[in-house]
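S.K.: Got a predicted structure plus its sequence, pasted below:
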Amino acid sequence: MYKSVIKRLLDIFIGIIGLPFFGIIFIVFAPIIYLTDKGTVFYNAPRLGKDKKVFKMYKFRSMRVNAPDLRNEDGSTYNGDDDPRVTKIGRLMRKTSIDETPQLLNVLKGDMSLIGPRPDLPDAVEIYRDGEEKKLSVLPGITGYSQAYHRNLIDLHERFAEDVYYAEHVSFALDVKIFFQTIKTVLLRKGVYREESGKTVVEKK
């Protein structure tokens, strides 16, 4: 009952409540993002959703226009403190997770949930190992188990394992626990960057 109905109702309710907050953030940050390099305010990122459905995930653009797609050796998106692609305002938004707030629109559309596995790039299906696709049995989330506790500190398949754990144990109690842990992690700015990210970086063609 919770997983199929109540969770969705809570997503809609909290998403509507959060819209004014998102509006204030948009008014403040949208002009700064645009004036930085005259690029678009939003970055519409293609991501894997529930049951392998690809959708456009909305984010405030934190990188310069036409930035190359850099990946870590394990196939995850490169995310380092020294990333030259990230703008000054983008660095601030990433540290505070403000760049993720447009995903409230994805929640209201039904593409995402407030809490669930973080959505992967579409080509992740090529690197999933046995059982890891189970994470796609639930809606991806703005935050999730791995995001709340480790953010960017663990490698890709460790994150997949935690995503599968969440998908198999969805409950109201677990979602509440993840929600408050996420607030703690963001406020303390834990795990924003993975120190080993810069060791092996390749440009994805």
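M.R.: That came in fine, so what should we check first?
S.K.: C-alpha only now, for contacts and for neighbours.
M.R.: Will do.
S.K.: At which residues are the helices of this protein located?
M.R.: Using DSSP state H, the helices found in the chain span residues 7-37, 88-96, 103-109, 145-149, 156-168, 172-187.
S.K.: closest to residue 126 out of those helices?
M.R.: Of all the helices of the chain, helix 156-168 sits nearest to residue 126, with 12.8 Å by Cα to Cα.
S.K.: distance between that closest one and the chain's centre?
M.R.: 14 Å (Cα atoms, centre = their mean, to the nearest Å).
S.K.: What's the mean pLDDT across it?
M.R.: Average pLDDT, helix 156-168: 94.
S.K.: show me where pLDDT drops low in this structure?
M.R.: 189-205 (pLDDT under 70).
S.K.: right, and the helices of the chain - which one's nearest residue 46?
M.R.: helix 103-109 (12.1 Å).
S.K.: Which positions within the closest one qualify as buried?
M.R.: 103, 104, 105, 106, 107, 108 (16 or more other Cα atoms under 10 Å).
S.K.: Kindly report the same for stretch 19-35.
M.R.: So, applying 16+ other Cα under 10 Å, buried residues of stretch 19-35: 19, 22, 26, 29, 33.
S.K.: same check, this time on stretch 114-131
M.R.: 114, 115, 116, 117, 118, 119, 120, 121, 122.
S.K.: what comes into contact with that stretch?
M.R.: Stretch 114-131 is contacted from outside by 11, 46-49, 54, 75, 104, 107, 133, 135, 138-147, 163-164, 166-167, 175, 178-179, using Cα atoms under 8 Å, 6 or more residues apart in numbering.
S.K.: show me what contacts residue 32?
M.R.: For residue 32, the contacting residues are residue 89, by Cα under 8 Å, 6+ apart.
S.K.: Please determine how far it is located from residue 41.
M.R.: 9 Å (Cα to Cα, to the nearest Å).
S.K.: Then residue 174?
M.R.: On the measure of Cα to Cα, residue 174 and residue 41 end up 34 Å apart.
S.K.: And these two? Which one has more around it.
M.R.: Neighbour count, other Cα atoms under 10 Å: between residue 174 and residue 41, residue 41 has more, with 18 against 14.
S.K.: Can you verify my assumption that the more buried one contacts residue 60?
M.R.: Yes: counting by Cα atoms under 8 Å, a contact exists between residue 41 and residue 60, whose distance comes to 5.9 Å.
S.K.: what's the neighbour count on the nearest residue to residue 136 once chain neighbours are set aside?
M.R.: Counting by Cα to Cα, 6 or more residues apart in numbering, residue 50 is the residue found nearest to residue 136 once chain neighbours are left out, at 4.8 Å. Neighbour count of residue 50, defined by other Cα under 10 Å: 17.
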